[in-house]
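A.B. asks: compute the structure for the input listed below.
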Amino acid sequence: MSFIATPVTANNLCKDAQALKARGFRFVTMTCVETGPGEFDLIYHFDKDLDMVHWRLAATDREASPSLSTVYLAAFLAENEIQDQFGLRFADLAIDYQGKLYLDEEAGATPFCRFSRASITQTDSGGDTEGGQ
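C.D. replies: Below is the predicted model of the structure:
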């Protein structure tokens with residue numbers, strides 16, 4: 001079984017979600033993956049009778065992404081969690097904890113959102129490599 005996430009645009013996210021909801025799909029959760037400095041993929045997961053649908057929205061930390069909570073209220077929790085952990089913002093979030101759902105005032109910064117790449121170096125023998133995979 002493969003995982004396919006269909007790309008969706010910020011302009012169409014809520015409209016497409018409304019159509020999916022009308023077909024009986026429920027919002028399951030969403031996932032955030034940092035793909036580069038300040039760049040993220042938001043992966044939305046929906047279900048109807050064990051049929052899963054996944055969407056991918058490219059996002060940045062420079063502008064707010066649309067909130068899915070305007071269509072699926074339950075999305076407010078996942079979106080607030082992503083605000084806390086990755087520092088992203090969501091426009092029109094139904095219930096907005098302003099980045100303080102989990103983090104208290106003393107935290108100061110989001111705990112995730114640190115893009116890094118494992119370095120691979122070649123040894124003198126030319127055959128083996130060191131570093132992460």
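
A.B. asks: need the distance between the two termini of stretch 39-57.
C.D. replies: 11 Å (CA to CA, to the nearest Å).

A.B. asks: I misspoke; the intended subject was stretch 20-28.
C.D. replies: Stretch 20-28 has an end-to-end distance of 13 Å (CA to CA).

A.B. asks: off-centre distance for it?
C.D. replies: 19 Å (CA atoms, centre = their mean, to the nearest Å).

A.B. asks: what sits up against it?
C.D. replies: Contacts with stretch 20-28, where a contact means CB atoms under 8 Å, 6 or more residues apart in numbering, come from 17, 44-49, 52-53, 68, 71-72, 74-75. C-beta coordinates here come from the backbone N, C-alpha and C atoms, glycine included.

A.B. asks: 7 Å - rerun?
C.D. replies: Contacts to stretch 20-28, defined as CB atoms under 7 Å, 6 or more residues apart in numbering, come from residues 45-48, 53, 68, 71-72, 74-75.

A.B. asks: tell me the mean pLDDT for that stretch?
C.D. replies: Per-residue pLDDT values over stretch 20-28 give a mean of 98.

A.B. asks: circling back: which of the contacts of stretch 20-28 fall within strands?
C.D. replies: Those of the contacts of stretch 20-28 mapping onto strands are 45-48, 53, per DSSP state E.

A.B. asks: now, the most widely separated pair of these?
C.D. replies: His45 and Lys48 (11.7 Å; CB to CB).

A.B. asks: neighbour-wise, which of those two wins?
C.D. replies: Neighbours of His45 and Lys48, each counted by other CB atoms under 10 Å, are more numerous for His45; the result is 16 against 13.
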